[in-house]
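# the amino acid sequence is not available; the structure is as follows:
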């Protein structure tokens, strides 16, 4: 009976993992298949022809079904996501440290206010930003997107970093100060090295948020000057024919960095989320 | 001059102002990019502003936009669908997440690998999730219809993304696929951190496994569920991305959610004033949602002995 | 010469005052222990000396310098924390040398002083390890080493032994005492454990609710407690406190009337401090109330008492007997013990001259206190 339960549990887990993995794997597989095989009727289950042609095509080599400037989007995505992450981490570290280490008036209200700013739906925020950015010349610029994503990432970065600093006993910084450090030195020589890996996870998380964002980018960018990969993906469906193979290849380009970074960050992210939440 | 600079430098050194200086940059950015634009859009929601007629920004029409949208059946339909959608997906995500967490908690080998796999959907761009399921649910070439037809379950192609309720189901499935892992991972973290003594005490006290689950395990891991719900509620509007790529709110508004309706009204029809009025409804919905769960977290924190 | 002076020190959090205008003068090389129950303000006081808490009002001097507005690093102090606060990302050697490195000493000086401290504390074998790889006692030693290498004017200890198990605590207590003998620095030490306070201190400062109850040498506070609080806090087992009424007929020596018709003569040294009919609290140490032939047999005046033993706790060389007078449970000490039967009636001798009398209303010692 016990053994039966165990096997049933394994089977159920296996089924769940299949449901999680198959959609992604199918997209990855399609990225290496030609359109004629994807579109074939009846369906071709076992791939007969696998190649890098689709990637070659979307990066401008060979002939693509629909010409899309993927390299430009890729560079935009990298520049916008990294810069906004860097700025959000610097600002978030300063804010997160304040929340973790100081008592001050309106602390909870300010924290709540920051979090609530994150709840504003991207599409709702995109309306006024579209009007204002248009007026001050930030529309369709990388700078405009960097500013928006910085703001988007600050609340959650503060939440995570606050949690990581709380895990470091306050006495360590105090010991440092008694040992002759200024508060500034104590931070950089003692607290920062200990929170480093947590902060790195927060950075990766912020990077992924920017990397994956669509609602704001789709309305605030319009040309190769600033369009990011997720917005570029929609270029494929804007036409009457859908280039499934090309789209899948582009999807892989978006997924792969995300998966690698997720893999690196997973452990710290979980502890950061739970600690920041539960222990107050 | 000297007194001012003296005052300033002593303000920097004073311990009282230190935390405020540290959070100041964050507040400035949020004010500039979120709060001020939202005030502007609040104003716009009282004008008939159309992108094509710039002068209309300065015409004040009171609550006319709000009256228009509140008397529009299509708006209420989208609103109702949005609320239904959120209720369905969050509850299912919680239940499924709980089930998965309990399953993985029982497994002794390979837990870490399973946890890592579970984490992946969380990191998928919503637009990719949408694309992936658009591909799978495609009536002509989708893997789902192909599989059903190959297995002989149906010989007709099922129009997953065209029928009103099938499309609702498909979109919900995509959303659940993307977000269940947040619940599963946090609830699993809760199960890991659970002390063994109360479980053993309950066994000694004669509880069966269902009673132990209901009275000991569940109350202990609920705070973790609330964290997951709060994190989730920060991002509910991500569903916009999924719907936009899967159906675009169509066909004929059959899968329209509040958020796709805002985009259509504001950007496609250039009717910014009315779109902003709708946006405000969606913002209030989101804030209520988050605030509710945030309060639950604070309560849970207190119950677990942390200082709020 | 490093004296430490606390003058009218007040600490407020918002409107809540937690330390009420306290004064302490600490002499050069003195080992002073602040002791009291949790929440009495002892740690806050120590942290104000360290500079980790702001001083609301008053003045703290280290040596001849007023340090109120100096940062911790400018006070030339060392502190040993309850949880040791070792830097987890540094090896023992780096932990020990950190303060010197911050002060920009040369590598050679750092190595020399770290090695010297490691030698003194027996840490030579552990220098390359991380704190996580050390036992509780070893961590404690590293924390002390980190304090020593900087050669500070004052050592501050914040409950340094409370995370150790009982055996190790006794051992480290001795080491701290040896350390003080060797480095001869001023030490301010905070603990809630009166045994630690008694064994370590040159002088003890007993605190409660942000006030100083008494300052004195261990023997002073033991023999001349200023009030019931100090009496019951210092000494183990705690002093028995029993209510009684004074009965003096004119010209006579007078008696103390206890419940159950027990009568004890007023001690000779206290007879001028009491009035007829006065309600008092009588303090009796367990050591001074012993079964006949099982106590210290000296020539001092004794009174006889018959008590029933409810419970006995054998400790080996002595046994603690739990009896009662009226509603009040009292503890007595039995030397050269034999097995005591339950509810055994025994004859006790009370050393009359050793008892303490406190005012019933204020709790103050009727003789006043030694420090006025």
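It's in. What you see is a predicted model; the values in this text were computed from it and never measured.

# establish whether the helix or strand that residue A:154 is a member of and chain C are in contact.
In this structure, residue A:154 is located in helix A:142-166 according to DSSP states H and E. No - using Cβ under 8 Å from any Cβ of the partner chain, we find that helix A:142-166 stays clear of chain C, coming within 13.9 Å at best. No exception for glycine: its C-beta is placed from N, CA and C like everyone else's.

# buried ones in that helix?
Within helix A:142-166, the residues that count as buried by 16 or more other Cβ atoms under 10 Å in any protein chain shown are A:142, A:144-166.

# kindly report the same for stretch B:88-107.
Quick answer for stretch B:88-107 (16+ other Cβ under 10 Å): B:89-90, B:92-94, B:96-105.

# what mean pLDDT does it have?
What stretch B:88-107 shows for mean pLDDT is 91.

# next: stretch C:193-210.
Computed over stretch C:193-210, the average pLDDT equals 94.

# can you show me the helices along the chain?
This is for chain A. Per DSSP state H, chain A carries helices over the ranges A:2-31, A:35-38, A:53-58, A:70-101, A:107-119, A:122-136, A:142-166, A:170-178, A:183-186, A:192-212, A:215-220, A:229-233, A:244-278.

# think we crossed wires, I meant chain C
Taking DSSP H, the helices of chain C run over residues C:42-50, C:92-102, C:107-121, C:136-149, C:166-183, C:194-200, C:218-223, C:228-233.

# state the number of residues packed around the residue of the stretch 101-250 of chain B found nearest chain C.
Residue nearest to chain C within the stretch 101-250 of chain B (Cβ to the nearest Cβ): residue B:193, separated by 20.3 Å. By other Cβ atoms under 10 Å in any protein chain shown, 13 other residues sit near residue B:193.

# check residue C:238 too.
Counted with other Cβ under 10 Å, the neighbours of residue C:238 add up to 15.

# what of residue A:26?
Counted with other Cβ under 10 Å, residues neighbouring residue A:26 total 16.

# residue contacts, the closest residue to it other than its chain neighbours?
For residue A:26, ignoring the flanking residues on the chain, the nearest one in space by Cβ to Cβ, 6 or more residues apart in numbering or on different chains is residue B:143 at 5.6 Å. By Cβ atoms under 8 Å, 6 or more residues apart in numbering or on different chains, the contact list for residue B:143 reads A:26, A:43, B:135, B:136.

# make JSON lines from the residues you listed and add distance to residue B:210 and pLDDT to it.
As requested, these are arranged in JSON lines below (distance: Cβ to Cβ, whole Å; pLDDT from 0 to 100):
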{"residue": "A:26", "distance to residue B:210": "38", "pLDDT": "85"}
{"residue": "A:43", "distance to residue B:210": "45", "pLDDT": "72"}
{"residue": "B:135", "distance to residue B:210": "41", "pLDDT": "85"}
{"residue": "B:136", "distance to residue B:210": "37", "pLDDT": "87"}
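
# is the helix holding residue A:154 anywhere near chain B?
Yes - judged by Cβ under 8 Å from any Cβ, helix A:142-166 and chain B are in contact via A:147, A:148, A:150, A:151, A:154, A:155, A:156, A:158.

# contact partners for residue C:214?
Contacts of residue C:214 (Cβ under 8 Å, 6+ apart): C:204, C:205, C:206, C:221, C:225, C:226, C:227, C:230, C:369, C:371.

# just residue B:245 next, same as before
Contacts of residue B:245 by Cβ under 8 Å, 6+ apart are A:233, A:234, A:237, B:127, B:130, B:131, B:134.

# tell me the one of the residues you listed nearest residue C:98?
Nearest to residue C:98 out of the contacts of residue B:245 is residue B:127 (Cβ to Cβ; 49.4 Å).

# quick one: that closest one and residue A:233 touch, right?
Yes - Residue B:127 is in contact with residue A:233 according to Cβ atoms under 8 Å; the separation is 5.9 Å.

# so which residues on chain A come close to chain C?
Selection of chain A residues close to chain C by Cβ under 8 Å from any Cβ yields A:169, A:171-172, A:174-183, A:185, A:189-190, A:193-194.

# just the buried subset of those residues, please.
A:169, A:171-172, A:174-181, A:183, A:185, A:189-190, A:194.

# check these one by one and keep those near chain B.
Residues of those in contact with chain B (Cβ under 8 Å from any Cβ): none.

# re the thing from before, and the residues of helix A:142-166 next to chain B, which is closest to chain C?
Comparing the residues of helix A:142-166 next to chain B against chain C with Cβ to the nearest Cβ picks out residue A:158 as the nearest, at 23.6 Å.

# who touches that closest one in this structure?
Residues near residue A:158 by Cβ under 8 Å, 6+ apart: A:92, A:95, A:96, A:99, A:111, A:114, B:26.

# and the nearest residue to residue B:18 once chain neighbours are set aside, how far from residue B:278?
Leaving aside its chain neighbours, residue B:18 sits nearest to residue A:102 (6.6 Å; criterion: Cβ to Cβ, 6+ apart). Separation of residue A:102 from residue B:278 (Cβ to Cβ, to the nearest Å) stands at 40 Å.

# between these two, which has more neighbouring residues?
Taking other Cβ under 10 Å, residue A:102 and residue B:278 do not tie; residue B:278 has more neighbours (30 against 15).

# would you list every one of the helices in the stretch 151-300 of chain B?
All helices of the stretch 151-300 of chain B, identified by DSSP state H, counting those that start in this stretch, fall at B:164-192, B:196-204, B:209-212, B:218-234, B:239-246, B:258-263, B:272-303.

# touching the second one from outside, list them.
Looking back up the chat, that one is helix B:196-204. With Cβ under 8 Å, 6+ apart as the test, helix B:196-204 has contacts from B:211, B:212, B:215, B:216, B:217, B:220.

# now it against helix B:218-234, angle please.
Angle, helix B:196-204 to helix B:218-234, by axes from the mean of the first three to the mean of the last three Cα atoms, to 10 degrees: 130 degrees.

# residues in contact with residue 34?
As the question left the chain open, I've gone with chain A. Going by Cβ under 8 Å, 6+ apart, residue A:34 touches A:49, A:51, A:53, A:54, A:245.

# think we crossed wires, I meant chain C
C:42, C:45, C:46, C:188, C:189, C:190, C:191, C:205, C:207.

# was I right to think the fifth one contacts residue C:201?
Yes - A contact is recorded between residue C:189 and residue C:201 when judged using Cβ under 8 Å, the distance being 7.3 Å.

# okay, and the common contacts of the two?
In contact with both residue C:189 and residue C:201: C:31, C:32, C:33, using Cβ under 8 Å, 6+ apart.
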